[in-house]
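J.: Here is my input, please return the structure:
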Amino acid sequence: RSWLAELIHRRVPHVAAIYVGGTWTCIEIVQWAVDRFVLSPHLVEVALFGLLLMLPSVLLLAYEYGAPGPDPWSRLGLMGSGANLLVTTALLTLLYGGEDLGSAQQTVTVAGLSGETAQRTVPKNEFRKRVGLFYFDAEPDSLAALQRVVPYALESDLAQDLFVTTYTPAHLALRLRESGIEDLTDVPLALRRDIAQEYELPFLVSGTVERTDGPYRLTTVLRSTSDLEVVAERTFEGASLLSLIDQASVQLREDLDVPSAHIEATTDLPVSEITTTSLPALKEYAMGYDAISVQTDFTTGLRRIEAAVEKDPTFALAHMIRMYGYAMTGQFSKVASARQAAQQHKYRLVEPLRYSLRTSSLIASQEVEAAQEAVEQWATLYPNDVMAWTNLAQIQQLRGEPVEAARSLRQVVDLDPGQVKLRLQIAALLT
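T.: Coordinates of the predicted model:
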């Protein structure tokens with residue numbers, strides 16, 4: 001009898017086929033559980049590798065006991081399976097012993113924006129998705145302002161989801177300029193990858209926004225930073241660009257493998273509700289914010305931000321940037337009115353910006369201790385928010401806590417490697 005006939009006689013191919021089918025079913029069940037109950041995504045790999053590593057035992061047991069009729073227990077089958085189990089356990093422990101294989105979320109106790117203490121379920125930091133949002137291409141050239149509108153609007157929309165942390169050109173400007181690139185709307189893909197790797201951003205997002213005589217056409221391209229392979233390319237068409245951004249935001253979270261149960265449970269307001277319903281106002285804001293944050297042109301930036309709030313007085317985010325711009329240019333008499341306008345329309349702000357506004361208001365009224373409590377809650381909920389740690393470091397310095405301030409600034413440098421000068425400030429605080 002040939003070896004193949006012997007294997008068939010002992011039903012080895014049959015058992016192997018059943019086992020492979022069962023493995024596929026098991027992986028699908030684990031994937032569903034991870035997605036449904038927001039568990040560690042490492043569980044899928046552990047299940048897959050574990051089942052594949054145990055395949056030799058299945059084949060051995062099938063060969064030993066798969067033939068028709070009764071078979072006595074053999075030492076080879078028992079010892080071989082035991083050895084395979086030990087090797088599998090050792091390999092999985094070696095590969096995943098340091099990984100969190102439980103829930104992808106944790107419960108933290110924070111004081112809400114109204115002062116009430118409550119428990120919040122937030123993603124564990126290692127499972128948050130870090131994404132670099134770069135300028136989009138625009139066709140025709142008359143849509144140039146939309147190159148900036150799309151990434152900044154996506155940033156605002158995605159800020160509603162604790163699972164996603166975004167970095168825009170406003171965050172990456174220092175590093176981009178160090179590369180000698182004058183036109184930051186046309187950064188080579190290889191440079192984007194290098195900067196994203198420095199900032200530990202596993203994903204890059206760019207795309208195109210187009211309009212001829214008909215509807216807008218928005219294309220988003222999600223790439224893996226490590227190899228620049230396209231993870232997903234999506235196209236959306238419609239009469240309202242803001243609605244297309246909403247659709248793109250939801251699709252991006254799905255493409256980033258944010259658990260569907262989390263997406264369904266997260267409040268996701270339209271971007272028009274957390275910024276402005278006026279596209280002209282949003283264009284002015286994007287151009288102004290970019291002028292201030294990327295080009296450090298406060299004169300042009302403030303002029304365009306003021307134009308944005310003229311077009312939509314309820315544009316709270318623009319009021320906050322206006323407040324910041326006035327403070328940076330020494331126009332302190334205007335800061336209070338801008339803060340008051342932002343407070344009046346804070347219902348249009350996402351939670352991190354509400355914490356920022358609350359912190360600013362408390363500091364202005366010299367309630368430093370309350371401001372520190374607010375910003376500590378902010379950093380707890382949004383540990384990847386550079387502004388949260390920056391504000392915390394400033395308050396700690398005000399309170400004469402240099403060691404704590406240095407620790408907070410280290411968090412800033414870890415999150416924003418472009419902030420090289422902060423290393424000197426950290427050293428000064430510790431001397």
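J.: elements contacting the host helix or strand of Leu409?
T.: Using DSSP states H and E, Leu409 maps to helix 402-415. Packing partners of helix 402-415 (3 or more CB pairs under 8 Å, 6 or more residues apart in numbering; DSSP states H and E): helix 386-398, helix 421-429. Glycine gets a C-beta too; all of them are placed from N, C-alpha and C.
J.: And the strands in the protein, which stretches?
T.: 105-111, 117-123, 129-133, 137-139, 164-167, 203-210, 216-224, 230-238 (DSSP state E).
J.: List the pairing partners of the shortest one within its sheet, with orientation.
T.: It refers to strand 137-139. Here strand 137-139 has these sheet partners by DSSP bridges: strand 203-210 (parallel).
J.: which stretches of the chain have low pLDDT?
T.: 1, 111-116, 140-141 (pLDDT under 70).
J.: need the longest helix for it.
T.: helix 12-37 (DSSP state H).
J.: between the helices and strands packed on helix 402-415, which one is nearest to Asp161?
T.: helix 386-398 (16.4 Å; CB to CB).
J.: which helices and strands sit right next to the closest one?
T.: Using 3+ CB pairs under 8 Å, 6+ apart, helix 386-398 is in contact with helix 351-364, helix 368-381, helix 402-415.
J.: To Leu228, which of those helices lies closest?
T.: Using CB to CB, the nearest of the helices and strands packed on helix 386-398 to Leu228 is helix 402-415, at 22.9 Å.
J.: Could you give me the buried positions within that closest one?
T.: Applying a neighbour-count criterion of 16 or more other CB atoms under 10 Å, the buried positions in helix 402-415 are 402, 404-409, 411-413, 415.
J.: Please apply the same query to stretch 96-103.
T.: Tyr96.
J.: and for it, what are the contacting residues?
T.: By CB atoms under 8 Å, 6 or more residues apart in numbering, the residues outside stretch 96-103 that reach it are 37-40, 42-43, 45-46, 124, 126-127.
J.: got the angle for the helix holding Leu409 vs strand 129-133?
T.: Interaxial angle of helix 402-415 relative to strand 129-133 (axes from the mean of the first three to the mean of the last three CA atoms, to 10 degrees): 70 degrees.
J.: Give me the contacts around helix 402-415.
T.: Residues beyond helix 402-415 that count as contacts (CB under 8 Å, 6+ apart) turn out to be 199, 379, 383-384, 386, 389-390, 392-394, 396-397, 419, 422-423, 425-426, 429-430.
J.: hmm, back to that, quick one, which of the helices and strands packed on helix 386-398 gets closest to Leu222.
T.: Of these, nearest to Leu222 by CB to CB is helix 402-415, at 21.4 Å.
J.: What are the buried residues along stretch 191-205?
T.: 192-193, 195-196, 199, 201-205.
J.: correction: stretch 362-377
T.: Neighbour-count burial for stretch 362-377 [16+ other CB under 10 Å]: 362-363, 370-377.
J.: In TSV: those, plus distance to Pro56.
T.: Below are these laid out as TSV (distance: CB to CB, whole Å):
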residue	distance to Pro56
Leu362	64
Ile363	65
Ala370	63
Ala371	62
Gln372	59
Glu373	58
Ala374	58
Val375	55
Glu376	53
Gln377	52
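J.: before we move on, back to that, among the strands of the chain, which is nearest Gly180?
T.: Of all the strands of the chain, strand 129-133 sits nearest to Gly180, with 19.2 Å by CB to CB.
J.: Mind listing the strands the closest one pairs with, and their directions?
T.: Counting by DSSP bridges, strand 129-133 is paired with strand 164-167 (parallel), strand 203-210 (parallel).
J.: which of those strands sits most buried?
T.: strand 164-167 (a mean of 23; mean count of other CB atoms under 10 Å).
J.: circling back to that earlier point, nearest to Leu162, of the buried residues of helix 402-415?
T.: Nearest to Leu162 among the buried residues of helix 402-415, with distances taken as CB to CB, is Leu415, at 15.7 Å.
J.: what residues are up against the residue lying closest to Ser360 once chain neighbours are set aside?
T.: Spatial nearest neighbour of Ser360, excluding adjacent residues (CB to CB, 6 or more residues apart in numbering): Arg339 at 6.4 Å. Each residue near Arg339 by CB under 8 Å, 6+ apart is listed here: 319, 323, 357, 360-361, 364.
J.: Likewise for Thr276?
T.: Contacts of Thr276 (CB under 8 Å, 6+ apart): 282, 285, 308, 311-312, 314-315, 317-318, 348.
J.: Find the pair from these with maximum spatial separation.
T.: Lys311 and Arg348, at 14.3 Å, using CB to CB across these.
J.: the more surrounded of those two?
T.: Arg348 (24 against 18; other CB atoms under 10 Å).
J.: The more buried one contacts Ser272, correct?
T.: No: checked against CB atoms under 8 Å, the pair Arg348 and Ser272 is beyond contact range at 9.4 Å.
J.: thinking again about what came up before, Arg148: which of the buried residues of stretch 362-377 is nearest?
T.: Val375 (28.3 Å).
J.: got a list of what Arg130 touches?
T.: 165, 167, 199-203, 384.
J.: can you put the residues you listed in CSV and add distance to Thr89?
T.: Listed next are those as CSV, based on distance: CB to CB, whole Å:
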residue, distance to Thr89
Thr165, 35
Tyr167, 40
Tyr199, 37
Glu200, 32
Leu201, 35
Pro202, 30
Phe203, 33
Asn384, 35
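J.: of the contacts of stretch 96-103, closest to Ile181?
T.: Glu126 (31.8 Å).
J.: Now that closest one: closest residue in space that isn't a chain neighbour?
T.: Here the residue nearest Glu126, using CB to CB, 6+ apart, is Asp100, at 6.5 Å.
J.: Which one of the contacts of Arg339 is nearest to Asp257?
T.: For those, the nearest to Asp257 is Leu357 (32.2 Å; CB to CB).
J.: correct me, but that closest one touches Gln344?
T.: No: applying CB under 8 Å, one finds Leu357 not in contact with Gln344, separated by 10.9 Å.
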